[in-house]
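**Q** Just a sequence and a predicted model for now, questions to come.
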Amino acid sequence: MLGVKTEFGPLGKLIPSIIDATLVAQNMALAAESLGLGTVFIGSVWDSMKKVAEILKVPRNVLPILILCLGYSDETPPRRPRWPRKAVLHENQYSMPTKKLMKEYYRKANRELVKMKYFNRGINSWVEHWQNKFDPEYVKEWEGNMKKDLQEMGFLPS
Ligand SMILES: Cc1cc2nc3c(=O)[nH]c(=O)nc-3n(C[C@H](O)[C@H](O)[C@H](O)COP(=O)(O)O)c2cc1C
């Protein structure tokens, strides 16, 4: 509209777009929660970004990358187990958490998540949960669809 001659390529558009949208969504979630609302990020929009863009009638160069549900919660689920700070906070350079620390976290987290009925019935660990949710064939198809949408929308080179 302004007549700027620069035309960003697919990657120049994709990376800043994802960061911009995610920062906005996180700030909206924090603001909403501070006002007593609940939020849920919906990444399943990645399954059909092109279709969502059509339904929402977003203009060219806009990518629906994240949906944020806002509302008054009718439940207060328990806080899920968190990684120890040592495993996620790094100073000056990345320091890989030890296998011992990771194993300890998973053992404790699995126990807590089973207790809070986070997993589906019959599932007792993150390993089973993820393997069940992300079957290799399904993931291949999912990635393929996502790539096709991004290419058709001009956010990935064809
Ligand atoms: C990038 C991203 C995508 C998500 N997508 C979905 C989704 O499609 N459906 C859903 O029910 N929850 C989704 N969630 C919400 C998570 O399942 C989870 O409830 C949320 O991250 C809070 O987790 P916590 O209690 O461990 O902090 C998503 C969260 C993130 C960060």
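**A** That came through fine.
**Q** Where does residue 73 sit: helix, strand or coil?
**A** Secondary structure, DSSP: H, G, I helix; E, B strand; the rest coil: residue 73 is coil.
**Q** The residue nearest to it when sequence neighbours are not counted: neighbouring residues, count only.
**A** For residue 73, ignoring the flanking residues on the chain, the nearest one in space by CB to CB, 6 or more residues apart in numbering is residue 38 at 3.5 Å. From N, CA and C alone the C-beta is placed, and that goes for glycine too. Neighbours of residue 38 under the rule other CB atoms under 10 Å: 16.
**Q** State the phi and psi torsions of residue 38.
**A** Dihedral angles of residue 38 (phi, psi; degrees, to the nearest 10) stand at phi -110, psi 160.
**Q** Tell me how far the most centrally placed residue in the chain lies from the ligand.
**A** Centroid-nearest residue in the chain: residue 43, 5.2 Å away (criterion: CA atoms, centre = their mean). Distance of residue 43 to the ligand, given as CB to the nearest ligand atom, to the nearest Å: 3 Å.
**Q** now for the top helix by length along the chain, which elements pack on it?
**A** Longest helix of the chain, by residue count under DSSP state H: helix 10-34. Secondary-structure packing of helix 10-34 (3 or more CB pairs under 8 Å, 6 or more residues apart in numbering; DSSP states H and E): strand 38-42, strand 67-71.
**Q** Return the residues of this structure in contact with the ligand.
**A** Contact residues (CB under 6 Å from any ligand atom) of the chain with the ligand: 40, 41, 42, 43, 44, 80.
**Q** run the last query once more with 5 Å
**A** 41, 42, 43, 44, 80 (CB under 5 Å from any ligand atom).
**Q** Quick check: the third one touching residue 64?
**A** It refers to residue 43. No - contact criterion CB atoms under 8 Å: residue 43 and residue 64 do not qualify, at 11.2 Å.
**Q** Now do the residue nearest to residue 73 against residue 76, distance only.
**A** From residue 38 over to residue 76 the distance is 9 Å, taken as CB to CB, to the nearest Å.
**Q** Give me the mean pLDDT for stretch 36-53.
**A** Averaging pLDDT along stretch 36-53 yields 96.
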